[in-house]
Each structure stands twice: as C-alpha cells, then as structure tokens.
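Asker: Fold the following, please.
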Amino acid sequence: MSERQTAEKRPFFAWVLVVLIFILALGGIISGPMLFLSPDGHLMQWTVDQLAGSPFPDYLIPGIILFLFIGVWPLIVGLGLARKMWGAIDRLNPFKNYWWAWTSSLVVGIILLIWIITETLLLGYISFLQPLMAAWGLLILLLALLPAVRRYYRNPE
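Answerer: Residues are numbered from 1 along each chain as shown. Now for the predicted structure:
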C-alpha cells in the first residue's frame with residue numbers, strides 16, 4: 001500500500017464493512033465448533049432430524065465448513081481490511097488494482113449468500129436468521145462496492 005493510502009482516512013462505510021465481517025467471523029468461530037464438536041446438534045439444541053433432505057448425516061461437515069468459511073476466512077479478511085496486512089496474499093488476488101482483502105470481502109459476501117441459499121434450499125425456511133444472513137451477505141457486497149470503499153482499497157498504479 002502506498003503512503004497516501006495508509007495515511008488516508010478510512011471512509012465510514014469501510015469501517016462498517018470491517019465490523020460486519022468481524023461479527024460474521026465471530027459467529028462462525030463460535031457456532032462452527034458447537035456443531036462439529038457435537039455432531040448430534042445438542043450444543044445448538046438441534047437434532048439430526050433437521051438435516052433430513054440434506055446430504056449430511058450429522059452436523060460434523062456443516063460445522064467444519066461453517067467454522068472455516070464463515071468464521072476463519074472472514075476473520076483473516078477482516079484483519080486484512082482493518083490493518084492492511086499480509087500483502088503476500090496479494091499474489092493470489094485476481095484484481096491487482098485492489099488490495100487482496102477488498103477482493104476477499106466480495107468473496108465473503110458471496111460465500112455467505114451461497115451458504116444461506118443452499119441451507120434454505122436443502123432444509124427449507126427454519127429461522128429468521130436465514131433472511132437476516134442473506135441481507136448481511138448482500139450488505140457486505142454493497143458496502144465493498146461503494147466508490148469510497150473501493151477507492152480506499154485501491155492499489156497504487
């Protein structure tokens with residue numbers, strides 16, 4: 001990142017994006033292990049019967065996926081957005097004009113939407129959290145795409 005970018009004041013909506021991603025990560029880091037450590041679902045007060053119609057016999061694999069893709073990955077992205085750290089990851093970024101964590105914030109929003117849409121298709125509507133998480137994913141995408149946020153995370157030419 002250039003000196004201009006590190007000294008530039010972070011836009012309000014960039015802060016909101018960081019906070020939303022950290023809250024999402026916290027939820028995944030807490031609930032993922034609650035599922036894979038108790039695959040029968042008892043720590044979440046669920047039953048494996050609720051998985052009828054899904055490809056999973058218990059909550060082990062969904063818990064691992066939740067932990068990694070809704071917990072750990074957003075935590076890494078949130079840290080990258082907040083601190084503009086781990087520039088080495090930028091080598092994997094397909095959008096070289098933007099900081100890797102900005103690109104990855106789009107991926108976080110897409111992963112969350114895929115997760116919640118797949119859950120709803122497999123299990124049906126089971127909780128108010130499904131539309132809330134869908135809105136959360138869309139909000140992450142919209143915030144990341146705001147011009148001020150994109151400008152802040154733009155790499156120097």
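
Asker: can we go C-alpha only for contacts and neighbour counts from here?
Answerer: Fine.

Asker: And the nearest residue to I61 once chain neighbours are set aside, what's its pLDDT?
Answerer: Of all residues not flanking I61 in the chain, F36 sits nearest, at 7.0 Å (C-alpha to C-alpha, 6 or more residues apart in numbering). Each residue has a pLDDT score; the one for F36 is 95.

Asker: residue contacts, F36?
Answerer: Shown in contact with F36 (C-alpha atoms under 8 Å, 6 or more residues apart in numbering): 59-64.

Asker: if we go to 10 Å?
Answerer: 43, 58-67 (C-alpha atoms under 10 Å, 6 or more residues apart in numbering).

Asker: Now secondary structure, pLDDT and distance to I30 too, for the residues you listed, in TSV please.
Answerer: Formatted as TSV, those follow (DSSP: H, G, I helix; E, B strand; the rest coil; pLDDT from 0 to 100; distance: C-alpha to C-alpha, whole Å):
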residue	secondary structure	pLDDT	distance to I30
L43	helix	94	11
D58	coil	96	18
Y59	coil	96	14
L60	helix	97	14
I61	helix	96	15
P62	helix	96	13
G63	helix	97	10
I64	helix	97	11
I65	helix	97	13
L66	helix	97	10
F67	helix	98	8
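
Asker: Quick one, which of those are buried?
Answerer: When those are checked for burial by 16 or more other C-alpha atoms under 10 Å, the buried set is 58-60, 62-67.

Asker: Would you format these as CSV with distance to L145 included?
Answerer: Shown next, in CSV, are the buried ones among the contacts of F36 (distance: C-alpha to C-alpha, whole Å):
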residue, distance to L145
D58, 37
Y59, 34
L60, 34
P62, 29
G63, 30
I64, 29
I65, 26
L66, 25
F67, 26
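
Asker: for the residues you listed, which one is nearest L121?
Answerer: P62 (14.7 Å; C-alpha to C-alpha).

Asker: Go ahead and confirm the closest one touches P39.
Answerer: Yes. Here P62 reaches P39: they are 9.1 Å apart, a contact under C-alpha atoms under 10 Å.
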